[in-house]
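**Student:** no sequence for this one, just the structure:
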(Lines give C-alpha, C1' and ligand atoms only; values in the text may rest on other atoms or scores of the structure.)
Protein backbone atom coordinates (compact mmCIF):
# COMPACT_ATOMS: atom_id res chain seq x y z
CA UNK A 1 0.00 0.00 0.00
CA UNK A 2 2.81 2.41 0.88
CA UNK A 3 4.61 1.58 -2.33
CA UNK A 4 1.48 2.36 -4.39
CA UNK A 5 0.97 5.66 -2.55
CA UNK A 6 4.61 6.61 -3.07
CA UNK A 7 4.38 5.71 -6.77
CA UNK A 8 1.24 7.82 -7.19
CA UNK A 9 2.90 10.77 -5.43
CA UNK A 10 5.99 10.51 -7.65
CA UNK A 11 3.85 10.37 -10.79
CA UNK A 12 1.81 13.38 -9.65
CA UNK A 13 4.99 15.34 -8.89
CA UNK A 14 6.47 14.45 -12.29
CA UNK A 15 3.31 15.56 -14.09
CA UNK A 16 3.21 18.83 -12.13
CA UNK A 17 6.87 19.50 -12.92
CA UNK A 18 6.33 18.73 -16.62
CA UNK A 19 3.39 21.15 -16.75
CA UNK A 20 5.50 23.83 -15.03
CA UNK A 21 8.38 23.37 -17.48
CA UNK A 22 5.96 23.49 -20.46
CA UNK A 23 4.53 26.77 -19.18
CA UNK A 24 8.02 28.23 -18.78
CA UNK A 25 8.75 27.46 -22.45
CA UNK A 26 5.68 29.41 -23.57
CA UNK A 27 5.14 32.39 -21.29
CA UNK A 28 1.61 33.73 -20.98
CA UNK A 29 0.88 37.26 -22.18
CA UNK A 30 -0.75 39.47 -19.59
CA UNK A 31 -3.51 41.82 -20.75
CA UNK A 32 -2.38 44.18 -17.96
CA UNK A 33 1.10 44.33 -19.54
CA UNK A 34 -0.41 44.78 -23.01
CA UNK A 35 -2.45 47.74 -21.79
CA UNK A 36 0.45 49.30 -19.87
CA UNK A 37 1.97 51.35 -22.71
CA UNK A 38 2.75 54.99 -23.24
CA UNK A 39 2.32 56.71 -26.60
CA UNK A 40 4.33 59.78 -27.57
CA UNK A 41 3.31 61.98 -30.49
CA UNK A 42 5.73 64.36 -32.23
CA UNK A 43 4.14 66.02 -35.23
CA UNK A 44 2.54 63.25 -37.26
CA UNK A 45 4.86 60.56 -35.88
CA UNK A 46 3.89 58.52 -32.82
CA UNK A 47 5.99 56.02 -30.90
CA UNK A 48 4.95 53.47 -28.33
CA UNK A 49 6.93 52.65 -25.18
CA UNK A 50 6.35 48.98 -24.32
CA UNK A 51 6.97 47.68 -20.80
CA UNK A 52 10.08 45.48 -20.38
CA UNK A 53 8.13 42.19 -20.08
CA UNK A 54 6.63 42.80 -23.56
CA UNK A 55 9.94 43.82 -25.07
CA UNK A 56 11.44 40.57 -23.75
CA UNK A 57 8.64 38.53 -25.39
CA UNK A 58 8.87 40.22 -28.80
CA UNK A 59 9.43 37.52 -31.45
CA UNK A 60 8.90 34.64 -29.02
CA UNK A 61 6.27 31.89 -28.70
CA UNK A 62 3.67 32.85 -26.11
CA UNK A 63 0.23 31.83 -24.94
CA UNK A 64 -2.64 34.24 -24.48
CA UNK A 65 -6.25 33.93 -23.43
CA UNK A 66 -8.99 36.07 -24.95
CA UNK A 67 -12.04 36.41 -27.16
CA UNK A 68 -12.29 36.44 -30.96
CA UNK A 69 -13.56 39.50 -32.79
CA UNK A 70 -13.90 38.23 -36.38
CA UNK A 71 -12.64 40.33 -39.30
CA UNK A 72 -13.14 38.00 -42.26
CA UNK A 73 -15.20 34.84 -42.00
CA UNK A 74 -13.84 32.15 -44.34
CA UNK A 75 -16.92 30.01 -44.60
CA UNK A 76 -19.06 31.80 -42.01
CA UNK A 77 -17.78 29.54 -39.22
CA UNK A 78 -13.96 29.85 -39.20
CA UNK A 79 -11.30 32.57 -39.37
CA UNK A 80 -7.59 32.76 -40.08
CA UNK A 81 -7.27 36.51 -39.39
CA UNK A 82 -9.03 38.11 -36.47
CA UNK A 83 -8.69 40.39 -33.48
CA UNK A 84 -8.22 38.95 -30.00
CA UNK A 85 -9.29 41.01 -27.01
CA UNK A 86 -9.11 40.58 -23.25
CA UNK A 87 -12.83 41.23 -22.85
CA UNK A 88 -15.74 39.55 -24.61
CA UNK A 89 -16.84 41.30 -27.80
CA UNK A 90 -20.40 40.63 -26.70
CA UNK A 91 -19.96 42.71 -23.51
CA UNK A 92 -22.16 45.83 -23.77
CA UNK A 93 -20.28 47.50 -20.89
CA UNK A 94 -16.74 47.03 -22.24
CA UNK A 95 -16.32 50.14 -24.40
CA UNK A 96 -13.49 52.63 -24.83
CA UNK A 97 -10.69 50.21 -25.65
CA UNK A 98 -7.68 51.47 -27.60
CA UNK A 99 -5.06 49.67 -29.71
CA UNK A 100 -3.31 48.43 -26.56
CA UNK A 101 -6.36 46.24 -25.86
CA UNK A 102 -6.15 44.13 -29.03
CA UNK A 103 -3.93 41.57 -30.74
CA UNK A 104 -4.10 41.23 -34.52
CA UNK A 105 -3.96 37.46 -35.02
CA UNK A 106 -3.09 35.37 -38.07
CA UNK A 107 -3.73 31.66 -37.55
CA UNK A 108 -1.84 28.85 -39.23
CA UNK A 109 -5.15 26.92 -39.67
CA UNK A 110 -8.78 28.08 -39.62
CA UNK A 111 -10.13 28.56 -36.10
CA UNK A 112 -13.84 28.08 -35.33
CA UNK A 113 -15.60 31.32 -34.39
CA UNK A 114 -17.49 31.55 -31.13
CA UNK A 115 -17.54 35.17 -29.95
CA UNK A 116 -18.92 34.10 -26.56
CA UNK A 117 -16.13 31.57 -25.81
CA UNK A 118 -12.76 32.41 -24.30
CA UNK A 119 -9.84 30.88 -26.24
CA UNK A 120 -6.32 29.88 -25.29
CA UNK A 121 -3.98 30.57 -28.21
CA UNK A 122 -0.28 30.12 -28.76
CA UNK A 123 1.79 31.85 -31.39
CA UNK A 124 4.69 34.20 -32.11
CA UNK A 125 4.17 37.57 -30.40
CA UNK A 126 5.29 40.84 -32.01
CA UNK A 127 5.29 44.42 -30.79
CA UNK A 128 4.73 46.89 -33.63
CA UNK A 129 5.75 50.53 -34.05
CA UNK A 130 3.98 52.81 -36.54
CA UNK A 131 1.76 50.12 -38.03
CA UNK A 132 -0.53 51.59 -40.72
CA UNK A 133 -3.46 49.61 -39.26
CA UNK A 134 -2.90 51.20 -35.83
CA UNK A 135 -2.33 47.90 -34.00
CA UNK A 136 0.44 47.68 -31.38
CA UNK A 137 0.57 43.87 -31.24
CA UNK A 138 0.43 40.84 -33.53
CA UNK A 139 0.22 37.12 -32.88
CA UNK A 140 1.49 35.10 -35.87
CA UNK A 141 1.08 31.41 -36.72
CA UNK A 142 -1.47 31.13 -33.93
CA UNK A 143 -3.08 27.83 -32.98
CA UNK A 144 -5.68 26.92 -30.40
CA UNK A 145 -3.95 25.51 -27.37
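**Tutor:** All right, it came through fine. Just so it is clear, the model here is predicted, and its values are computed rather than measured. Residues are numbered from 1 along each chain as shown.

**Student:** When you work out contacts or count neighbours from here on, use the C-alpha atoms and nothing else.
**Tutor:** OK.

**Student:** contacting residues around residue 141?
**Tutor:** Applying C-alpha atoms under 8 Å, 6 or more residues apart in numbering to residue 141 gives the contacts 106, 107, 108, 123, 124.

**Student:** could you pull out the strands for the chain?
**Tutor:** 38-42, 45-49, 61-70, 78-85, 102-112, 118-127, 137-144 (DSSP state E).

**Student:** just to revisit the earlier point, could I get the contacts of residue 141 as CSV with distance to residue 76 and pLDDT?
**Tutor:** Shown next, in CSV, are the contacts of residue 141 (distance: C-alpha to C-alpha, whole Å; pLDDT from 0 to 100):
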residue, distance to residue 76, pLDDT
106, 17, 95
107, 16, 95
108, 18, 93
123, 23, 97
124, 26, 98
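
**Student:** Could I get these in JSON lines, plus columns for distance to residue 37?
**Tutor:** As requested, those are arranged in JSON lines below (distance: C-alpha to C-alpha, whole Å):
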{"residue": "106", "distance to residue 37": "23"}
{"residue": "107", "distance to residue 37": "25"}
{"residue": "108", "distance to residue 37": "28"}
{"residue": "123", "distance to residue 37": "21"}
{"residue": "124", "distance to residue 37": "20"}
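
**Student:** and the residue positioned nearest the centre of the chain, what pLDDT?
**Tutor:** Taking C-alpha atoms, centre = their mean, the centroid of the chain lies closest to residue 64, which sits 3.0 Å from it. Listed pLDDT for residue 64 reads 97.
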